[in-house]
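A.B. asks: starting from these lines, generate the structure:
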Amino acid sequence: MSPAVQTPAFAQWLAGARQAAQQPPAQPRTPLVVAGHQVGSVAAGVLDDIGLKRLLDKREQLSFQERNGAFAWHLPVPDAEVTPALNALAAALRQVGRCGPWRDEQLAVTNVQGAVVGTVERGAVRVLGIATRAVHLVGLAPDGRMWVQRRSLTKPNHPGKWDTLMGGMVSAQDSLHQALARETWEEAGLEVAALTQVVHGGHVDFSRPSREGGGVGFMRERIDWFSAQVPEGQVPHNQDGEVDEFALLPIPLLCERVAQGHFTPEAGLVIGGFLGL
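C.D. replies: Down below sits the predicted model:
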């Protein structure tokens, strides 16, 4: 790695970002158990009012009970009803202003063993402490410069910040590679099949408090990142309105701007991983 990349400012930023990526919840959280599966957690007080209301057309009730020597919030539904139960809970949270931005997008819900047990509205995952997955793409020009995007000012998270060429969630319908292809087209107008040297480079894990739901959220996310070369003559062009512009940056300038706070924390950590730092 060149000395221009390994600057004290970039090294300091990386150390701080890695520490910030692994934080405990801002307030005590109680496990959330659905159909006997622990799928997330909620901050104290968030479900107190909702717990008094029946969900799923009044067939089931959210309850606060002891389980295996510890208290947890329970939705005692059959396995086949995990998805409707969680989405009913998400809708109830939205009604009382305890939900993140509503996306009409379903994300997979897993138990503590990592098995998928259902899906839920994306806007509720942080408040419910449900683990999510995302994918990023580091795109390089043939001359070694890196393609980056500036997020739209209308984005709910990190508006106007710079990001990797592509960064997006893995939806409930996607495999990791399907998400990579879909998000690369939607955000950058590029076909993954037309890129070269596409490789899975690693992952970054996040565990930290979230402002969603009035500051009662907790983010648990794994970001898998890929790298690829964008062939000469191919220029990214946004398709979904979520990117304001693209730029090609030399690596030293890129690292300088990351250290100055112009990039999202997720992008900066992915870039650090790509650079082997």
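A.B. asks: which residues touch the residue lying closest to residue 145 once chain neighbours are set aside?
C.D. replies: Computed as C-beta to C-beta, 6 or more residues apart in numbering, the closest residue to residue 145 that is not its neighbour in sequence is residue 248, at 4.6 Å. Backbone N, C-alpha and C define where each C-beta goes, glycine included. Residues counted as contacts of residue 248 (C-beta atoms under 8 Å, 6 or more residues apart in numbering) are 141, 145, 146, 147, 148.
A.B. asks: go on, residue 31?
C.D. replies: Contacts of residue 31 (C-beta under 8 Å, 6+ apart): 38, 40, 41, 70, 72, 73.
A.B. asks: for the helix or strand containing it, the distance to its chain's centre please.
C.D. replies: Element membership for residue 31 (DSSP states H and E) is strand 29-34. Computed by C-alpha atoms, centre = their mean, to the nearest Å, the chain-centroid distance of strand 29-34 equals 20 Å.
A.B. asks: what lines up beside it in the sheet?
C.D. replies: Paired neighbours of strand 29-34 in the sheet (DSSP bridges): strand 37-43 (antiparallel), strand 70-75 (parallel).
A.B. asks: out of the contacts of residue 31, flag the one nearest to residue 87.
C.D. replies: Comparing these against residue 87 with C-beta to C-beta picks out residue 40 as the nearest, at 13.8 Å.
A.B. asks: make sure that closest one is actually in contact with residue 30.
C.D. replies: No - the criterion here is C-beta atoms under 8 Å, and residue 40 misses it with residue 30 at 10.0 Å.
A.B. asks: between these two, which has more neighbouring residues?
C.D. replies: residue 40 (26 against 19; other C-beta atoms under 10 Å).
A.B. asks: now do that one, the pLDDT please.
C.D. replies: If you check residue 40, the pLDDT there is 97.
A.B. asks: what about it, distance to residue 55?
C.D. replies: Residue 40 sits 16 Å away from residue 55, going by C-beta to C-beta, to the nearest Å.
A.B. asks: same thing with residue 115?
C.D. replies: Plainly put, residue 115 is 23 Å away from residue 55 if you go by C-beta to C-beta.
A.B. asks: point out the other helices and strands that the least confident helix or strand in the chain by mean pLDDT packs with.
C.D. replies: Ranking every helix and strand in the chain by mean pLDDT, DSSP states H and E puts strand 54-55 at the bottom, with a mean of 72. Contact partners of strand 54-55 among helices and strands, from 3 or more C-beta pairs under 8 Å, 6 or more residues apart in numbering; DSSP states H and E: strand 60-61, helix 82-95.
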